[in-house]
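Trainee: below are the sequence and a predicted model; questions follow.
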Amino acid sequence: MFKLFKKVKFEPEFPIIELDLTPDEVFRTLSTLSSVERIEDSDENKIEYAFVVENDVTRIHVGFANDKISYVNYLTEQFNGSDKKKAEKLNWFLEYYGNREEYGEPNNTGYMIFFHNSKRNLSIVYGIHMGPIRVNNHGNA
């Protein structure tokens, strides 16, 4: 009846990257959002190349070392309208890439919050102001 009062849960309207995908699989997955650009030169240490895709709402950046995913950056306007929505988006990513019990105590710098998941050998970095989320694959070190 009153959809305005119905709580809307975060569900990404963009592709989510599994950390064990091959470069070809990542390319195909990202292609569902928009055209994919391959970047050979990276400012990041040990990154050989990256795939970047963006549309009006979302930009996804996937970095590779030795043809393995090193990181995935998600920058999206989706669910950035309030701190509560940003928190729900962050919680979705934490659950997707593990479960809350697998993460240690978060480290908050005032600009970013770091969540380390030693069981899955990854970390999630959350940018407090703009709501970007970065997933670091430490199993590829």
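Mentor: Perfect, I can see it now. Numbering: from 1, shown residues only.
Trainee: keeping just the C-alphas, turn the lowest-mean-pLDDT helix or strand in the chain into CSV.
Mentor: None of the helices or strands of the chain scores lower by mean pLDDT, DSSP states H and E than helix 83-96, at a mean of 91. Output of helix 83-96 as CSV, limited to C-alpha atoms (Å, rounded to 0.1, in the frame of the first residue of the first chain):
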residue,chain,number,x,y,z
ASP,A,83,24.8,7.2,5.6
LYS,A,84,22.2,4.5,6.4
LYS,A,85,22.1,3.4,2.7
LYS,A,86,25.9,3.5,2.4
ALA,A,87,26.1,1.3,5.5
GLU,A,88,23.7,-1.2,4.0
LYS,A,89,25.7,-1.3,0.8
LEU,A,90,28.9,-1.9,2.8
ASN,A,91,27.2,-4.7,4.8
TRP,A,92,26.1,-6.4,1.5
PHE,A,93,29.7,-6.5,0.3
LEU,A,94,31.0,-7.8,3.6
GLU,A,95,28.4,-10.6,3.5
TYR,A,96,29.0,-11.3,-0.2
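Trainee: now do the buried residues in that helix.
Mentor: Buried positions in helix 83-96, judged by neighbour count with 16 or more other CB atoms under 10 Å: 86, 89, 90, 92, 93, 94. In this view, the C-beta of every residue, glycine as well, is placed from N, C-alpha and C.
Trainee: distance to residue 118 for those residues - can I get that in TSV?
Mentor: TSV is the format used below for the buried residues of helix 83-96 (distance: CB to CB, whole Å):
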residue	distance to residue 118
86	25
89	23
90	19
92	21
93	17
94	14
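Trainee: from those residues, pick the one nearest residue 105.
Mentor: Taking CB to CB as the measure, residue 105 lies nearest residue 94 of the buried residues of helix 83-96, at 13.2 Å.
Trainee: against residue 48, how distant is the closest one?
Mentor: Residue 94 sits 28 Å away from residue 48, going by CB to CB, to the nearest Å.
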